[in-house]
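> this one's sequence-less:
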C-alpha cells in the first residue's frame, strides 16, 4: 500500500502541511491527495484506501472519502470493478485526448490575450521569449521549460478568463505523474521556442485568428513530440 512506508507517510505529511491553510478538512485532504498524484507520490494504478489515508493525514474518513469523490469526478482517480479506487493510469489515447482539449483552451487563451493584454504584459512576454532564446543557446532545458511554463501562465492570465487557468491546470494535473517535459530533444526545444515567438508576435499584433491558430498548433506539436518520445522509450 502507498502509505505503508515511512517515506510515503513523510511525503503525505509534507503535502498536508503545505495545504494546511486550504480551509476545511475536505479541502485539505483534496489538495493533499491531488498534489500527491501530480507529484508521483501516489503512483498511477495504485490502490487508494480511505482508512489508510485518513490515518496518514490524521483526520476522519469522511473528508478523505469526499476528497476522493472529487478527484474521481476530475478523472484523477478511477473506480475499477473488483479493485476499488485507484490513481488513474494515463494511456496514450488519454494523453492525445488531454492535449487536444488543451489545444482548444490554449487557443482560446491566446485569442483573448490578443484582444485584452496590456503593454506591461506584452513586455513581460517579450522578455520571456528573449530569455528562452538565451537558454536555448546554452542548452539548459530545465530552465527553458520553466520559462515556457511562465510564458503560458502569463498568456492564460492575460486572457482575463477566470475559469480557464483552473481548467488548464486540471488537465496538467491529469498527466502530472508522467513527468512529461515539453522539450523532449534539442531539436524540439528549438522548434518550440520559435512557436512561442510566433504566438507572442500574433498577440502583440492583436491578430486574434493567428494567435489562436499558432497556440493550437504549438500544443499539437508538443503532443507529437510526446508520442514520438513514448514510442522511442518502448523500443529501448
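Noted; the coordinates are in hand. Quick caveat, the model's predicted, so the values are computed rather than measured.

> can we go C-alpha only for contacts and neighbour counts from here?
Fine.

> SS state for residue 85?
Following DSSP: H, G, I helix; E, B strand; the rest coil, the label given to residue 85 is strand.

> tell me, which helix in the chain spans the most residues?
In the chain, taking DSSP state H as the definition, the longest helix is helix 208-235.

> who does that one touch, helix- and strand-wise?
Identification of packing neighbours for helix 208-235 by 3 or more CA pairs under 8 Å, 6 or more residues apart in numbering; DSSP states H and E yields helix 92-116, helix 186-204.

> For residue 68, find the nearest of those.
helix 92-116 (20.4 Å; CA to CA).

> average pLDDT for the closest one?
Averaged across helix 92-116, pLDDT comes to 93.

> wait, residue 110 sits on residue 155?
Yes - look at residue 110 against residue 155 with CA atoms under 8 Å: they come within range, at 6.5 Å.

> ok, back up a step: could the helices and strands packed on helix 208-235 be laid out in CSV, adding distance to residue 31?
CSV is the format used below for those (distance: least, CA to CA, whole Å):
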stretch, distance to residue 31
helix 92-116, 21
helix 186-204, 31
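
> who wins for proximity to residue 29 among these?
Judged by CA to CA, the one of these that comes nearest to residue 29 is helix 92-116, at 25.0 Å.

> How far off centre is that closest one?
Helix 92-116 sits 12 Å away from the centroid of its parent chain (CA atoms, centre = their mean, to the nearest Å).

> Run through the neighbouring helices and strands of the helix or strand that it is followed by.
For helix 92-116, the following helix or strand on the C-terminal side (DSSP states H and E) is helix 119-138. Packing partners of helix 119-138 (3+ CA pairs under 8 Å, 6+ apart): helix 141-158, helix 186-204.
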